[in-house]
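1. Sequence and predicted structure below; questions after.
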Amino acid sequence: MGGFISGQRAQAIVRQTDPSPHPIRPEGQPLTLAMSTFTSPSPPTSGILDPIRRWIDHIEIHTPLQAHLICKLIPCTCPFEHKFTLFGHFFNTPPLCELNPFYNEFVALRFRALSYLADVCGEDVTHYIC
């Protein structure tokens, strides 16, 4: 596996030695905690967009450069709605995240990139969080 986080399996293992007695494990044994798998909450229905959704969910983060690029390209918040006037008529466009059928997959990809930078590379990612 060697240092990457995939969409199907984003796991972080924390090892800690606890000298205090524990009812389930012997004293002094390492405590292992695993983070649950994180995948995007895609709609369960099948359709013509599902292959693209699966492709985005399977993008693996291998390098810090790739993770930084993803974090810069995918915004941390949904772009706001716009109200404008055209020929004397008022128009209202919805937030762009509602128009993007892959919004949930992109948010999950950005989360995986942030997790890679923080967990694997040990970088401070606060400048990417809004």
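-> Thanks, I have the structure now. Predicted model, so just to flag it, every value in this text is computed and none were measured.

2. Residue 120 - how many residues pack around it?
-> A count of nearby residues for residue 120, using other Cβ atoms under 10 Å, gives 16. All C-beta atoms are positioned from the backbone trio N, CA, C, and that covers glycine.

3. measure it to residue 113 for me?
-> With distances defined as Cβ to Cβ, to the nearest Å, the gap from residue 120 to residue 113 amounts to 11 Å.

4. can you pull the contacts of the closest residue to residue 129 other than its chain neighbours?
-> What sits nearest to residue 129 in space, not counting adjacent residues and going by Cβ to Cβ, 6 or more residues apart in numbering, is residue 76, at 6.3 Å. Under the criterion of Cβ atoms under 8 Å, 6 or more residues apart in numbering, the neighbours of residue 76 are 110, 128, 129, 130.

5. and those residues, which two are the farthest apart?
-> 110 and 130 (11.3 Å; Cβ to Cβ).
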